[in-house]
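In: Below: sequence and its predicted model.
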Amino acid sequence: MKTRILALLMVVGLLLAACAPAAAPTATSRPTTPPPTAAPPTAVPPTAAPPSLGTEANPIVLSMVPSGDTEEILQGGEEITQLLAEKTGLVFDVNVATSYAAVIEAMCAEKAHMATLATFSYLLAHEKCGVDVGLVSVRYGSPYYKGQIIAGADTGIESLEDIAGKTMCWVDATSTSGYIVPRVSLMAAGVDPETDLAQQVEAGSHNNVVLSVYRGDCDAGATFVDARGNVAAEFPDVNEKVIVVEESAEIPNDGLQFIAGFPADLRAKIVDAFVDLMGTEEGKAAMSKAYQWSEVIKKDDSFYDGFRATLNAAGVDIAELENPPPIPKVELGTAEEPIVLSMVPSGDTEEILQGGEEITQLLAEKTGLVFDVNVATSYAAVIEAMGAKKAHMATLATFSYLLAHEKYGVDVALVSVRYGSPYYKGQIIVGVDTGIQTLEDLKGKTMCWVDATSTSGYIVPRVMVLAAGVDPDTDLAQQVEAGSHDNVVLSVYRGDCDAGATFVDARGNVADEFPDVNDKVAVVAESAEIPNDGLQFVADFPADLRRQIVSAFVELMQTEEGKAAMSKAYQWSEVIEKDDSFYDGFRATLNAAGIDIAELGQ
């Protein structure tokens with residue numbers, strides 16, 4: 001030991017000697033040249049830290065699955081995140097994804113931080129990139145639910161075996177109750193979806209599956225129990241027309257999940273706040289609107305172990321189901337998947353439908369494509385049909401188009417021409433015996449509108465009335481939604497409404513039947529010019545088919561048959577090709593008037 005210490009002292013001594021200053025040079029010695037001074041290293045600026053999660057610069061993103069009505073899910077999501085923001089001080093951003101798979105991909109890429117995944121989607125996301133559950137939802141007093149296979153009451157389907165040879169609607173290839181579990185059930189019943197079904201259709205949501213079976217587009221479908229209730233308010237006979245063939249075993253509910261590595265302190269704060277909010281009327285209302293959640297309970301991943309065991313017993317490998325058998329796509333424009341044209345009910349529904357049937361028949365003859373046409377119940381219904389891809393083409397008026405473009409990426413291709421112009425005006429009409437001579441005189445009167453998304457039948461005239469100092473919500477005796485321009489004119493003509501809003505001059509639509517309409521109904525005011533309605537396509541409509549249809553439509557509008565069809569429907573005399581920039585001037589007018597298109601969509 002002493003030897004090692006002595007050796008160490010010797011080494012230290014040598015080092016100190018080496019570091020000692022040299023002796024001063026004598027007169028005969030050569031001075032030692034000092035070494036060059038090293039330049040100081042360039043300072044490297046520190047890398048800026050990323051903005052803290054949960055701030056305006058880096059909001060916490062909640063991605064919600066599109067299991068029902070997208071608009072209601074988004075509204076509920078916006079409401080719950082606003083409540084969470086108020087309770088936690090954090091900043092959130094919310095979206096409804098286009099599919100279940102899109103939510104998983106967003107979480108694995110850390111483009112979303114939280115989600116509302118259903119069971120199978122959660123198991124897949126957990127296995128794929130460590131997504132972890134924080135809360136499980138409760139519906140009807142239980143954290144479990146069941147899937148169901150439904151069928152049209154008139155299809156003759158009474159058992160799963162009867163589905164062979166039929167058309168089957170699924171939700172999405174990663175939906176637990178809308179595809180994974182019922183697919184296993186069919187296989188167990190001896191029906192192979194890949195070989196034994198006439199057709200498989202991806203409907204996109206549980207609501208869409210129910211409606212597809214209700215309308216006869218599909219013979220059978222798969223949803224959660226009981227998705228029929230989601231559409232019962234609008235379709236009260238749904239339980240009579242759509243029956244339940246079989247229910248599945250219990251499936252754990254959906255819930256709230258977090259990405260791997262989400263900060264533990266933020267997670268705890270959000271989970272606690274969410275639980276607290278679900279004990280309030282506001283929180284329950286928000287999540288009931290989105291997904292019919294009544295409460296939430298804290299759970300960890302082990303909650304799903306029983307369901308994992310069930311899948312394993314059935315020979316289902318979660319990892320293999322990451323790429324489930326795709327739901328076969330049917331070629332658009334065929335008898336199996338016709339191109340759907342949805343027409344707005346701006347006038348006489350029967351004439352619009354006749355004109356639509358005539359023009360689509362001409363288009364079919366010219367292009368070889370198969371079309372289906374309908375007249376929707378409202379302007380808003382056309383927008384939502386396009387958002388759900390239940391309609392591929394439409395004849396939206398200006399504001400409805402702008403809203404559909406902003407909301408779902410709907411894109412214009414053709415603009416109609418009437419009386420030589422691609423523009424028109426709105427008008428406010430009154431009964432001649434009402435004493436109304438100015439817009440100010442509308443106070444205390446009954447006002448007829450077309451539809452809350454009609455440009456000349458609501459949006460523009462409402463702005464005109466407001467500009468005249470008359471607030472429709474407080475200064476009118478009553479507001480009535482008549483449903484079409486013709487109905488507005490007739491309501492004023494008959495005295496059911498004192499005043500109304502239409503395009504110029506909708507009175508001509510009913511003049512044959514009511515020749516004294518111009519004597520009994522007067523025009524009080526006209527609007528500035530508004531771009532005409534036209535022909536629009538859903539986002540991602542195949543470019544080759546679009547080009548084919550647009551070219552054919554333009555050519556047909558130069559023929560007597562084509563003009564007659566569209567004159568009957570909407571008084572179109574010709575069409576011109578335009579893109580979305582055609583509406584920029586009208587957008588600027590709306591902006592100058594302080595009108596937000598997205599807000600007016602509500």
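Out: Cool, got the structure.
In: from here on, contacts and neighbour counts on C-alpha atoms
Out: Will do.
In: For residue 92, see how far away the spatially most central residue of the chain is.
Out: With distances taken as Cα atoms, centre = their mean, the residue of the chain nearest its centroid is residue 70 (4.8 Å). Going from residue 70 to residue 92 by Cα to Cα, to the nearest Å gives 19 Å.
In: again, but for residue 437
Out: 50 Å.
In: Residue 173 falls within a helix, correct?
Out: No: going by DSSP: H, G, I helix; E, B strand; the rest coil, the assignment for residue 173 is coil, not a helix.
In: How about it: what's its closest non-neighbour residue?
Out: Take residue 173 and drop its neighbours on the chain: the residue closest to it by Cα to Cα, 6 or more residues apart in numbering is residue 179, 5.8 Å away.
In: ok, now residue 101?
Out: residue 174 (6.3 Å).
In: Tell me, what's the model's pLDDT at the one you found?
Out: We have a pLDDT of 73 for residue 174.
In: neighbouring contacts of stretch 380-399?
Out: Residues outside stretch 380-399 that contact it (Cα atoms under 8 Å, 6 or more residues apart in numbering): 204, 339-344, 376, 379, 400-401, 404, 407-408, 410, 452-455, 459, 530-538, 541, 597.
In: First-to-last residue distance for it?
Out: 11 Å.
In: Ok, stretch 408-427 next?
Out: End-to-end distance (Cα to Cα), stretch 408-427: 29 Å.
In: roughly how far is it from the heart of the chain?
Out: How far stretch 408-427 lies from its chain's middle: 25 Å, per Cα atoms, centre = their mean, to the nearest Å.
In: Name the residues of that stretch that are buried.
Out: 408-418, 422-427 (16 or more other Cα atoms under 10 Å).
In: Neighbours of residue 361, how many?
Out: Neighbour count for residue 361, taken as other Cα atoms under 10 Å: 18.
In: So for it, what pLDDT did the model give?
Out: 97.
In: And for residue 323?
Out: 61.
In: Report the buried residues of the helix or strand hosting residue 555.
Out: Assigned by DSSP states H and E, residue 555 belongs to helix 543-556. Neighbour-count burial for helix 543-556 flags 549, 550, 552, 553, 554, 556 (criterion: 16+ other Cα under 10 Å).
In: avg pLDDT for that helix?
Out: Averaged across helix 543-556, pLDDT comes to 96.
In: That helix: how far from the chain's middle?
Out: On Cα atoms, centre = their mean, the centre of helix 543-556 falls 27 Å from that of its chain.
In: I'd like to know which elements it is packed against.
Out: Using 3 or more Cα pairs under 8 Å, 6 or more residues apart in numbering; DSSP states H and E as the contact test, the elements touching helix 543-556 are helix 349-367, strand 574-577.
In: As CSV, could you dump the C-alpha coordinates of that helix?
Out: What follows is helix 543-556, C-alpha atoms only, in CSV (Å, rounded to 0.1, in the frame of the first residue of the first chain):
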residue,chain,number,x,y,z
ALA,A,543,-61.1,12.8,-61.8
ASP,A,544,-61.6,10.8,-65.0
LEU,A,545,-65.3,10.3,-64.2
ARG,A,546,-65.7,13.9,-63.3
ARG,A,547,-64.2,15.1,-66.6
GLN,A,548,-66.4,12.7,-68.5
ILE,A,549,-69.6,13.9,-66.7
VAL,A,550,-68.8,17.6,-67.0
SER,A,551,-68.0,17.4,-70.7
ALA,A,552,-71.2,15.4,-71.3
PHE,A,553,-73.3,17.8,-69.3
VAL,A,554,-72.0,20.8,-71.2
GLU,A,555,-72.7,19.1,-74.5
LEU,A,556,-76.2,18.1,-73.4
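In: what's the following helix or strand after it?
Out: Next along the chain after helix 543-556, taking DSSP H and E as the criterion, comes helix 560-570.
In: Now do that following helix against helix 543-556: the angle between them, please.
Out: Computed by axes from the mean of the first three to the mean of the last three Cα atoms, to 10 degrees, the angle separating helix 560-570 from helix 543-556 equals 100 degrees.
In: Buried ones in helix 560-570, by neighbour count?
Out: 562, 563, 564, 565, 566, 567, 568, 569, 570.
In: Would you mind measuring from the fourth one to residue 127?
Out: Between residue 565 and residue 127 the computed distance is 57 Å (Cα to Cα).
In: what does the domain assignment say about the protein?
Out: The record assigns the chain these domain ranges, following automatic domain parsing: 60-138+254-308, 147-248, 339-421+532-592, 426-527.
In: for the protein, which spans come out with low pLDDT?
Out: Across the chain, the ranges flagged by pLDDT under 70 are 1-49, 314-315, 319-329, 592-593, 597-602.
In: If we use 50, what do you get?
Out: 1-35 (pLDDT under 50).
In: Show the end-to-end separation of stretch 159-177, please.
Out: 18 Å.
In: Repeat that for stretch 240-260.
Out: So stretch 240-260: terminal residues 46 Å apart, Cα to Cα.
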